[in-house]
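**Student:** Just the structure for this:
(chains A and B)
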Amino acid sequence: MVALAAVARVAVAARVGTDMSDVIRVEHLQRVYHLGTVDVPALRDIDFAIPEGQMVAIMGPSGSGKSTLLNLLGCLDRPSGGRYLLAGEDVGRKNDDELATVRNARIGFVFQNYNLLPQLTALENVELPLVYRGLPATKRRRMAEAALASVGLTDRKGHRPLELSGGQQQRVGVARALAGEPDVILADEPTGNLDSVSGQEVLRLFLELHRSGRTIIIVTHDDDVATYTERTIHLRDGVVVSDGEVPPEQRRGLDDERGAS
Amino acid sequence: MLRESLRMAWRSLVASKMRAFLTMLGIIIGVGAVIALISIGQAATGSVTSQVQALGSNLITVTPSRGAGVTLQPNDVTWLQRVVPQISQAAPLLTGSVTALYGSKSYSTTIMGTTPPSLKIQGRTLTEGRYLIPSDVTYRRGVAVLGPTVVQNLFAGQNPLGQTIEVNGTPLVVVGVLKSAGGGFGANQDDVILTPVTTAEEITGTTQVSAIIAEARSSQIAPLAVAQIEAVMNHRFQNQNAANVLSQDQILSTLSTITGTLTLMLGGISGISLLVGGIGIMNIMLVTVTERTREIGLRKAIGAKRGAILLQFLVESSILSLIGGAIGAALGAGGASLMSRALGWASGVNTGAIVLALVFSLAVGMVFGIWPAMRASRLDPIEALRQT
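**Tutor:** The predicted model follows:
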């Protein structure tokens, strides 16, 4: 298994710097927090690339730097060193408002606790990123309805979040991430607040999206979640300790009925 | 973006109606108080002004400074007319407190001894009978013209003409009744018994008049007449302040200064409550920003720029205070017009004050909303989303 992962890592590493279809490429990425007079390096020297259409799990124990990496990949934070190329564009030197525009156009966030606005309906929640893109109302509505349909919640579009089950709320969250046609869907422990059945529903949804060609990054500490992905990047103490493909025999597909442990 | 901000702000307010209402209450009370007090103040000013104007537009009142030992007799009226050509006519007012008796009724009032020109100088008219005539004065006749308040208190619906009343022991025959001068500003001009000045001298036991009233030949010439009267009085009594000489215009401007100041003061005091209302809005908006940290974090994560967040919260506080202002304006205007009606004043709701209050409440919402909104817009999405 270790050998296999190592082989895969070489294969992936070979692509870095050459393949222009990489949606995400990080080179010597560093993030240092300044706490008073002490510098705490959360990410030391990270290199990887994610080609378009891949479904990747980023894993690691708490304190490994995976939240820091998530914030950087999501353009919520800026690296202290190294480069982060998102769709070929260096986003490391942009200001807050420019980053907001990049997030709006390229990233679709899915959160552990859904983060839906309670006063808005499901459809309005899905529409929200498009509002900040400044799209006209009719176009917004059409795109949001399509996104809701793709997660199978067309009949719930007028419901408010509190009228929906946890699994349904998370599917609304996925629809919101999808609505803006982002380059990358970035999910942070998307099944963390769900029971195993709803959790699997959401993961199957990710699999479907993956099949339709979406790039999906799931940050998780749950090994079971990682079995749905084709590649796993393990972090520990701010460095990548392993990066490799999930062996096909361990992978779960859409027609896999095994339950999550 | 503004339209979207309006929609979002509206949704947030509707989601917490009770809190929105309580937040608005400060503005409602503030704006309501400003409008009501300014309107009432202006209605009062208008009412006072019209009452004073009704006294006769060219009226000049000469009050001798008794403290300085200056006294005037009724026949000084003739002297005054001779030395001050700017006045067309003049009359003495000799006043005293008296008790009038009719049948079993008794009423304490003011007697005013005067001469026939006083009716026109004071701009009054009669409802019944006749006024004093020159021969009443010459022959010291026991006749009286009553103010409507006196008639009401002594005769209670009976016709007073031809009846005899007893004033401090002197019988007087009622020959006329004054028309009401209306209102109740200052001394009641309807609570009076007018007699020939000669008769009043006998009843009160004095020949010193309390004032001489005169009519200027025109309103343009009135200031000149005032100056001339002051000059002759000062010269005659060798005193810089022999008499207090006031024209109608001066009284009017003094009064409007007083009422104007009062109106401003009332408006200012109620303006403070508007300020307090604004601080209330700021307080709630700060709480709202803290409460909605996650929402703000999410909005920023999915692409809201600083300006969009700033606008959303600014619009929210502005809507709050504008709606509060509108409700307050409606209540204040309603209260003012009810009060004006109750007091019989010309309706005094001031549209200028309403517009001003609305603009001001919008400004309050923006000024007191800007700080919370800036705090919201500066939130770091990472920190904001981490909160649970």
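**Student:** Spell out which residues of chain A are next to chain B.
**Tutor:** With C-beta under 8 Å from any C-beta of the partner chain as the criterion, chain A meets chain B at residues A:71, A:74, A:76-77, A:96-97, A:100-101, A:103-105, A:109, A:111, A:113, A:115, A:117-120, A:128-129, A:131-134, A:176, A:180. The way it works is simple: take the backbone N, C-alpha and C, and place the C-beta from them, glycine included.
**Student:** hey, where'd the strands end up in the stretch 51-200 of chain A?
**Tutor:** A:55-59, A:81-86, A:89-90, A:107-110, A:184-188 (DSSP state E, counting those that start in this stretch).
**Student:** mind listing the helices for the stretch 51-200 of chain B?
**Tutor:** For the stretch 51-200 of chain B, the helices defined by DSSP state H, counting those that start in this stretch cover B:76-83, B:118-121, B:134-138, B:148-155, B:197-204.
**Student:** Same list (the ones you listed) but as TSV, adding mean neighbour count and distance to chain A.
**Tutor:** Listed next are these as TSV, based on neighbours: other C-beta atoms under 10 Å in any protein chain shown; distance: least, C-beta to the nearest C-beta, whole Å:
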stretch	mean neighbour count	distance to chain A
helix B:76-83	16	81
helix B:118-121	20	73
helix B:134-138	15	85
helix B:148-155	20	65
helix B:197-204	22	81
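**Student:** Which one of those lies nearest to A:Ala149?
**Tutor:** Within these, the stretch nearest A:Ala149 is helix B:148-155; the backing value is 85.1 Å (C-beta to C-beta).
**Student:** how far does the closest one sit from the chain's center?
**Tutor:** Chain-centre distance of helix B:148-155: 28 Å, with C-alpha atoms, centre = their mean, to the nearest Å.
**Student:** Report all helices and strands that that helix contacts.
**Tutor:** Here helix B:148-155 touches strand B:87-102, strand B:105-114, strand B:170-178, strand B:192-196, going by 3 or more C-beta pairs under 8 Å, 6 or more residues apart in numbering or on different chains; DSSP states H and E.
**Student:** Just checking: what are the partner strands of the first one?
**Tutor:** Translated: strand B:87-102. With DSSP bridges as the test, strand B:87-102 is paired with strand B:105-114 (antiparallel), strand B:164-167 (antiparallel), strand B:211-216 (antiparallel).
**Student:** As PDB, could you dump the C-alpha coordinates of that strand?
**Tutor:** Listed next in PDB are the C-alpha coordinates belonging to strand B:87-102 (Å, rounded to 0.1, in the frame of the first residue of the first chain):
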ATOM      1  CA  ILE B  87     -51.400 110.200  15.900                       C
ATOM      2  CA  SER B  88     -55.000 110.600  14.700                       C
ATOM      3  CA  GLN B  89     -56.800 109.900  17.900                       C
ATOM      4  CA  ALA B  90     -56.200 108.900  21.500                       C
ATOM      5  CA  ALA B  91     -58.000 107.800  24.600                       C
ATOM      6  CA  PRO B  92     -57.200 107.300  28.200                       C
ATOM      7  CA  LEU B  93     -57.500 103.900  30.000                       C
ATOM      8  CA  LEU B  94     -58.200 104.300  33.700                       C
ATOM      9  CA  THR B  95     -58.400 100.900  35.300                       C
ATOM     10  CA  GLY B  96     -59.200  99.500  38.700                       C
ATOM     11  CA  SER B  97     -60.500  96.300  40.300                       C
ATOM     12  CA  VAL B  98     -64.200  96.400  41.200                       C
ATOM     13  CA  THR B  99     -67.000  94.100  42.300                       C
ATOM     14  CA  ALA B 100     -70.100  94.300  40.200                       C
ATOM     15  CA  LEU B 101     -73.500  93.300  41.600                       C
ATOM     16  CA  TYR B 102     -76.700  92.500  39.700                       C
END
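**Student:** Export the strands paired with strand B:87-102 as CSV, with columns for mean pLDDT.
**Tutor:** Compiled in CSV, those are given as follows (pLDDT from 0 to 100):
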stretch, mean pLDDT
strand B:105-114, 93
strand B:164-167, 93
strand B:211-216, 91
